Each structure stands twice: as structure tokens, then as C-alpha cells.
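Q: Only the shape, not the letters, is given here:
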Ligand code: B12
């Protein structure tokens, strides 16, 4: 079995203690960091399917997430190039009611390494927190919002609506993303941009800020 497949299997099985070492070993053997990352993302897809089929439950999903976070920690220096703050400030968070942060963290990491100063508000972020943070940081260029549940898509809609009504709206751009989000939904709720993954999010953020 390939080393990368072994990593994916151990992420899916939630073997947090093993994953860090396995990722390091694969890197030492010349595996590309992006290949390892993509395998771990696929593993989370497998976990999601198992959950959907009632083969595993929330606790197993949570430990798989912890294992993936460990792997990303080891990969981080290999994925992020650490540019200076060339493009300005970007505020990111997962919308109210939603606790998923692996994708949001990857987007934050790629955007930071593309040359932004990232203010990460975490998960389950109330609308008012996004608004207050832009007021506290009037030089903010972009607000990026993540939602992973169909049940928190309305929360994403409310957050974008509040940003669209804010006095600072003409000075910022709003980006949205997350597995259930589409370009059509982004257009419908009045966001400026949507992209499907972290690499394209970083590319789009650079375009929006320049
Ligand atoms: C891990 C996980 C959890 C963990 C999260 C831990 C954590 N710290 O994140 C825990 C256990 C907490 C959890 C809980 C729940 N979960 Co969950 N979870 C997952 C799982 C398996 C993986 C998510 C993940 O990390 N994917 C990997 C990352 C890299 O992908 P990503 O998040 O999509 O992000 C990428 C893109 O979407 C994009 N992106 C993301 N954000 C943004 C933002 C911007 C601005 C842009 C441009 C792009 C972008 O870029 C990212 C990187 O490429 C998914 C299954 C799946 N296939 O996604 C289910 C899944 C999302 N969960 C699901 C469910 C149902 C739940 C629960 C309701 C279960 C329950 N009964 O309690 C709860 C809800 C809790 C809550 N209130 O949020 C369902 C959602 C179904 C739906 N259609 O809404 C899924 C799809 C599983 C399934 N197949 O049923 N979950």
C-alpha cells in the first residue's frame, strides 16, 4: 500500500498519534505536500460517507477531524510560503451554528501564505462579530465566510445580508465557500465571490484585493 494511502486510512480511522509521524515520513521520502493534503481531504469524504450510512457516528467523525488537523500541522510549513502582508487584511470565520473548521483553516492558511494578514474568528461566529471586527479593522479588504451544512446556509445568507447593509460595504469584498455552497447560491445571496477549494480561494482573494 502506498504511503499516502496509509496516511488517508489512518486519518479516516482517527489515529491522531500516528498521523503526524506518517506525514513527516512521507515528506522525508519525497511525497508532495499537496498530494498528501488531497489524500487527507479525500479521507474526510470517506468519513462523511460512513457517517451518512450510519456506519460511524459523531465521535468517530470528530476524532478523524483531529487526526487530519495533526496531519495539516505537519504539512503547514510545506504548503504555506509565508509571504509578507502584501495584500492587506482578510477576516475569516465559519458562520453561526456551524462548527466545521478544517476547510476554513485550510483556506485561511493558503490565503495567509498568499500574502494577507488573516484575522480568524473561528467557528459559530455570530453576524455581529463579523460586523464589529470590520469596524475595528477599517482597512479590511475581504471578509471570507465558510458554511459546511445545508442547515447553516441560511446563516450564511443572513451574514452576507448584514455585510451588504453595512456602511463599509463598498470598501470590502465578500467571499463565500464550503461543501454545500455553489456559485449560484453565492450569486443569489449577494456575495462577490465563491470558489470550491483553498487554492482557488487564495487565487481569488489576490484578484479581489488588487
Ligand atoms: C469532520 C466533520 C465533522 C466534525 C467537524 C470537526 C471540525 N473541527 O471541523 C464534527 C464531528 C464536529 C461534525 C459535526 C457535525 N456534522 Co459534520 N462532517 C465532517 C466531515 C466528515 C468532514 C468535513 C471536512 O473537514 N472536510 C474536509 C475539508 C477540507 O473540506 P471542506 O470543509 O469542504 O472545505 C473545502 C471547501 O469546501 C472550501 N471551503 C471551505 N470553507 C470555505 C470558505 C471560503 C470563503 C471559500 C472560498 C472556500 C471554502 O475549501 C476547503 C478546502 O479545500 C463532513 C463530510 C464531508 N465530506 O465534508 C461531515 C458533514 C459536513 N457533517 C455533516 C453533519 C450532518 C454534521 C452534524 C449535523 C452531525 C450531527 N448529527 O450532529 C454535526 C453538526 C455540528 C455543527 N453544528 O456544525 C454532514 C452535512 C450534511 C449536510 N448536507 O448538511 C456531512 C456532509 C456528513 C454527511 N455526509 O452526512 N462534523
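A: Great, that's in hand. Model, not experiment: these values are computed from the prediction. Residues are numbered from 1 along each chain as shown.

Q: what does the protein put close to the ligand?
A: 41, 44-45, 47-48, 51-52, 58, 61-62, 65, 97-104, 106-107, 144-146, 148-151, 175-180, 195, 197-198, 201 (C-beta under 6 Å from any ligand atom). Yep, even glycine has a C-beta here, placed from its N, CA and C like the rest.

Q: Tell me how many other residues surround residue 162.
A: Here the count is done by other C-beta atoms under 10 Å, and residue 162 has 15 residues near it.

Q: Look up the pLDDT of it for me, please.
A: With respect to pLDDT, residue 162 has a value of 98.

Q: after whichever helix or strand residue 7 is part of, next one along is what?
A: In the assignment (DSSP states H and E), residue 7 maps to helix 3-12. Downstream of helix 3-12, the next assigned helix or strand under DSSP H and E is helix 16-28.

Q: Give me the residues contacting the following helix or strand past that following helix.
A: Later in the chain than helix 16-28, the nearest helix or strand by DSSP H and E is helix 33-52. Applying C-beta atoms under 8 Å, 6 or more residues apart in numbering, the external contacts of helix 33-52 come out as 4-5, 7-9, 11-12, 23, 26-27, 56-58, 60-61, 64-65, 68, 71-72, 75, 78-79, 102, 106.

Q: How about stretch 111-118?
A: With contacts defined as C-beta under 8 Å, 6+ apart, stretch 111-118 is touched by 79-92, 108, 141-142, 144, 201-203, 205-206, 209.

Q: And stretch 67-79, by the same measure?
A: Under C-beta under 8 Å, 6+ apart, the answer for stretch 67-79 is 7, 10-11, 13-16, 19-20, 22-24, 27, 33-34, 36-37, 40, 43-44, 102, 105-106, 109-110, 113.

Q: With stretch 186-195 instead?
A: Contact partners of stretch 186-195, identified using C-beta under 8 Å, 6+ apart, comprise 145, 156-157, 160-161, 164, 173-177, 181-183, 185, 201, 203-204, 208.

Q: quick one: terminal-to-terminal distance for it?
A: 10 Å (C-alpha to C-alpha, to the nearest Å).

Q: List the buried residues for it?
A: 186, 189, 191, 192, 193, 194, 195 (16 or more other C-beta atoms under 10 Å).

Q: ok, now stretch 18-26?
A: 18, 19, 20, 22, 23, 26.

Q: what's the closest of the residues you listed to residue 127?
A: residue 19 (35.2 Å; C-beta to C-beta).

Q: ok, the closest one to residue 63 distance?
A: 11 Å (C-beta to C-beta, to the nearest Å).

Q: how about CSV for the buried residues of stretch 186-195, with pLDDT and secondary structure added?
A: Listed next are the buried residues of stretch 186-195 as CSV, based on pLDDT from 0 to 100; DSSP: H, G, I helix; E, B strand; the rest coil:
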residue, pLDDT, secondary structure
186, 98, helix
189, 98, helix
191, 98, coil
192, 98, coil
193, 98, strand
194, 98, strand
195, 98, coil
